[in-house]
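A.B. asks: Fold the stuff below for me.
(2 chains)
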There are 2 protein chains.
Amino acid sequence: MKAILIIADGMADVPLKELGAKTPLEVARKPSLNRVAKAGICGIIDVIAPGIPPGSDTAHLALLGYDVMEVYSGRGALEAIGSGINILPNDLAFRCNFATIDREFRVLDRRAGRIRNEDAIKLTASIKETIQKDPPDVGDVLFENTIQHRAILRISGPNLSTMVSDTDPHEPGLKVLQAHALDGSPEAKNTAAMLNKLTQQFHQVLNDHPVNKERKKKSLLPANAILFRGVGQLPEIDPLTLLYGIHSAAIAAIPLVRGVCKTAGMRLISAPGALGTYETDPIAKAKVALQALRAFDFVLIHFKATDLASHDYKPQKKITMIEKVDSMVAHLLDNLDLDETFIIVTADHTTSSIKREHSGEPVPVAIMGPNVRSDDVEEYGERTCAKGGLNRIKGLDLMPILINLLGKAEKAGS
Amino acid sequence: MKAILIIADGMADVPLKELGAKTPLEVARKPSLNRVAKAGICGIIDVIAPGIPPGSDTAHLALLGYDVMEVYSGRGALEAIGSGINILPNDLAFRCNFATIDREFRVLDRRAGRIRNEDAIKLTASIKETIQKDPPDVGDVLFENTIQHRAILRISGPNLSTMVSDTDPHEPGLKVLQAHALDGSPEAKNTAAMLNKLTQQFHQVLNDHPVNKERKKKSLLPANAILFRGVGQLPEIDPLTLLYGIHSAAIAAIPLVRGVCKTAGMRLISAPGALGTYETDPIAKAKVALQALRAFDFVLIHFKATDLASHDYKPQKKITMIEKVDSMVAHLLDNLDLDETFIIVTADHTTSSIKREHSGEPVPVAIMGPNVRSDDVEEYGERTCAKGGLNRIKGLDLMPILINLLGKAEKAGS
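C.D. replies: Purely as a prediction, here's the structure:
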């Protein structure tokens, strides 16, 4: 028995006036999602807890069966791991942005005009040089750009703490913040001091950098500062193999989700055309998943673009993206051995098109597969699934439910 | 965005034979409650946990988002605070009754014939005198009557403990109990000894008191003893403002609920005609709530009389009281800006007319407001709401769900 879990990022929504008080998911044409709902057992999931808007990292941890309240230790390390940067226990990692600031350190653009990779690579090379020339007194620093304005800072060494505040003010128009210790510990003070020193050091390197001179000539925003945020350490979790005795793989484009999956011991598999953008190719993902299912017991497919459309307040685009998810599921249904495979479709969180943000409403779930207690839900949706046979469960519950279906659950007691 | 939470005390019930196997709520004429259910999302709530009959204090703590198992520390301090008596951390407070006892200390009436306030005030003055003349060796004692036979005893000082038993035998015909230590601690022994001394001291003052001589002449029961019960300390909780960034107010007549709301940092607002009795004026409450909503983000209205009717086994009266709640909700619906306000209607617990007591069945809830995922429930009731889109939640979940709807929920993770 095998299982394939499709997580459509932020697919769930709230009823929208312009859609006749329906959600994008309710409006979308989705024959294959409906087929999963109809043949399967449905329900709603509080991914973290009722009313709590999940992050993408915490949501995926929870849906993979980890108790977020216990194990979550920040975004940075997960995103770093997902970007292919090696992170060891006790390392700190920060998500960083190339940004544009003025002389008073006021942030003009948090993404330096969404700087191209080519420019970010050159600027990163110079940052690496200055770190080598003038390293911090204690510990070891690594800076790596990832995609466009995104980058990672890793700090290793003694006397470090995650109890430090961001330097990213999170709003343009505000000044770059001084990092400060969130508790009184010497470790936190030391880490904050390191960040503040790096802010100055990186700014000096970047401000008069030839790349930025060139950018200004082309009327592009200079990337003359690095903002630090989302400090994290690796969560101390056991891999899925150890917990459940399954071999698992993940197909995901965005580093944060890749990081969670890798930390959970899943093999990361790339799919050509799986981009994490509106242009992503769902059939390419489905094909890679079908292949992966030959070697792995459990394959997770993450689909990002549904979430993007909600943050951008594009309900019609969201509908189109949900229909892409549907086409992906269609391809899976057409090519899977349905007697030997469970198909689970859910979302990692609601993204409210109204709030343009993650929201705390539960997400729908449908599980189709051999001998599931199928219910009378005929359509996949936020409100239809709420009437399903699974009722209302927690994110943390999904994996044990799935493992039980796979026949791999251990009896508690005798 | 604003929210108004209506808590009808003990409104939920069990099906009653004399109502054709329907509950009072199912029989009542309630067009406005039905409107909230129809336009909103419905469900049922285990206010504490499945099967557990909540108290009024624990129920309100839970519905305000506090984990009762963690924070609840007895009734006395909450009732004292709700009666306008100042309670500091570490103070002990007891709910007290003026009672009638015979020479053998047997309780004849636990409420001294529901003694009038005027008499209780005079007796209290004499109790205060004796405390001043003959104070306890250690610590500080305050005694205050509140309404009729009800009173509060506050003890402050070192070496105190809540681990003491009541002196109130809770049944007429039984003797006043000796307080004793519930653990072996010297603090509990000290507190029990204080209570036993106060029982004697107060009895001596009251027994030959002119007020009681006068009462006997009028064939009224003398109030010649004070019974202690429900010891409590203030729960260590953060106010709603700090937890959720909302400004909140409560309209409630009974001290215990007022005490919970005040402890949660809510502003207590009085409504003329809001009495906590069958004669209470629901429209007066609604009007005050509408006014309060201008200044506060969140207003709680507590309605007591539904509970009274169940304790008294008066199903028809309970139906009438539910119809009063409905008229209150009607006035709110007619006068609120429904595009900017969430209306939540629930009960703090089931009160079974059969048991004449709080009971552990869940309570119905309906949430109406902008962009809620309304379901197909058409009628407000214990059994209809069980089919709603919220499914079955816990009391503790209601506040996070509401805070998410208000757009004030913080994301867990990134």
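
A.B. asks: list the helices and strands the lowest-mean-pLDDT helix or strand in chain A packs on?
C.D. replies: Considering only helices and strands, the least confidently modelled element of chain A by mean pLDDT, DSSP states H and E is helix A:305-311, at a mean of 93. Secondary structure elements in contact with helix A:305-311, counted by 3 or more Cβ pairs under 8 Å, 6 or more residues apart in numbering or on different chains; DSSP states H and E, are helix A:315-335, strand A:350-352. Yep, even glycine has a C-beta here, placed from its N, CA and C like the rest.

A.B. asks: Tell me who's in contact with A:I367.
C.D. replies: A:40-42, A:342-344, A:390, A:401-402, A:405 (Cβ atoms under 8 Å, 6 or more residues apart in numbering or on different chains).

A.B. asks: Following the chain past the strand or helix carrying it, name the next helix or strand.
C.D. replies: In this structure, A:I367 sits in strand A:363-368 according to DSSP states H and E. Taking DSSP H and E as the definition, the helix or strand that follows strand A:363-368 towards the C-terminus is helix A:382-385.

A.B. asks: Give me the residues contacting that next one.
C.D. replies: Under the criterion Cβ under 8 Å, 6+ apart, residues A:12-13, A:23, A:25-26, A:37, A:42-44, A:350, A:361-366, A:377-378, B:373, B:375, B:389 lie in contact with helix A:382-385.

A.B. asks: can you do 10 Å?
C.D. replies: Counting contacts by Cβ atoms under 10 Å, 6 or more residues apart in numbering or on different chains, the residues outside helix A:382-385 that touch it are A:11-15, A:22-26, A:34, A:37, A:40-45, A:345-347, A:350, A:361-366, A:375, A:377-379, B:41, B:373-376, B:389.

A.B. asks: and A:E104, how many neighbours does it have?
C.D. replies: Taking other Cβ atoms under 10 Å in any protein chain shown as the neighbour definition, A:E104 ends up with a count of 7.

A.B. asks: Would you mind listing where chain A has pLDDT under the threshold?
C.D. replies: For chain A, not a single residue meets the criterion pLDDT under 70.

A.B. asks: mind exporting the strand or helix carrying A:V231 as CSV, just the C-alpha atoms?
C.D. replies: Under the criterion of DSSP H and E, A:V231 resides in strand A:225-232. Backbone C-alpha positions of strand A:225-232 (Å, rounded to 0.1, in the frame of the first residue of the first chain) are rendered in CSV as follows:
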residue,chain,number,x,y,z
ALA,A,225,21.7,46.3,2.7
ILE,A,226,20.9,42.9,4.1
LEU,A,227,17.9,42.5,6.4
PHE,A,228,17.9,39.6,8.9
ARG,A,229,14.7,37.8,10.1
GLY,A,230,13.1,34.5,11.1
VAL,A,231,16.0,33.1,13.1
GLY,A,232,15.8,29.4,13.6
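
A.B. asks: Give me the distance from that strand to the chain's centre.
C.D. replies: Distance of strand A:225-232 from the chain centroid (Cα atoms, centre = their mean, to the nearest Å) equals 17 Å.

A.B. asks: same check, this time on stretch A:169-178
C.D. replies: Counting by Cα atoms, centre = their mean, stretch A:169-178 comes out at 24 Å from the chain centroid.

A.B. asks: correct me, but A:V257 touches A:A250?
C.D. replies: Yes. Using Cβ atoms under 10 Å, A:V257 is in contact with A:A250, at 7.6 Å.

A.B. asks: Between those two, which contacts overlap?
C.D. replies: Common contacts of A:V257 and A:A250, defined by Cβ under 10 Å, 6+ apart, comprise A:7, A:60, A:82, A:268, A:300, A:302.

A.B. asks: what are the bridge partners for A:A12, then?
C.D. replies: A:T350 (DSSP bridges).

A.B. asks: Whichever helix or strand A:L5 is part of vs chain B: in contact?
C.D. replies: Remark: A:L5 resides in strand A:2-8, with elements defined by DSSP H and E. No. Residues of strand A:2-8 are not located near chain B by Cβ under 10 Å from any Cβ of the partner chain, the shortest gap being 14.8 Å.

A.B. asks: The helix or strand just after that strand - contacts with which helices or strands?
C.D. replies: The C-terminal neighbour of strand A:2-8 among helices and strands, as given by DSSP H and E, is helix A:24-27. When contacts are defined as 3 or more Cβ pairs under 10 Å, 6 or more residues apart in numbering or on different chains; DSSP states H and E, helix A:24-27 sits against helix A:305-311, helix A:315-335, helix A:382-385.

A.B. asks: and those as CSV, adding distance to A:C261 and mean neighbour count?
C.D. replies: Below are these laid out as CSV (distance: least, Cβ to Cβ, whole Å; neighbours: other Cβ atoms under 10 Å in any protein chain shown):
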stretch, distance to A:C261, mean neighbour count
helix A:305-311, 17, 24
helix A:315-335, 18, 21
helix A:382-385, 24, 24
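
A.B. asks: before we move on, the earlier item: buried subset of the contacts of A:I367, written for ChimeraX?
C.D. replies: Taking 16 or more other Cβ atoms under 10 Å in any protein chain shown as the burial criterion, the selection of buried members of the contacts of A:I367 in ChimeraX is written as:
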select /A:40,41,42,342,343,344,390,401,402,405
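
A.B. asks: Which member of the contacts of A:I367 is positioned nearest chain B?
C.D. replies: Proximity to chain B was ranked across those by Cβ to the nearest Cβ; first place goes to A:L390, at 9.8 Å.

A.B. asks: tally of neighbours for the nearest residue to that closest one once chain neighbours are set aside?
C.D. replies: Taking Cβ to Cβ, 6 or more residues apart in numbering or on different chains, and ignoring the residues beside it in sequence, A:L390 has A:G43 as its nearest neighbour in space, at 2.5 Å. The local packing count at A:G43 equals 27, with neighbours defined by other Cβ under 10 Å.

A.B. asks: quick one: contacts for A:V299?
C.D. replies: Counting by Cβ under 10 Å, 6+ apart, A:V299 touches A:2-6, A:247-251, A:266-267, A:269, A:288-293, A:332, A:341.
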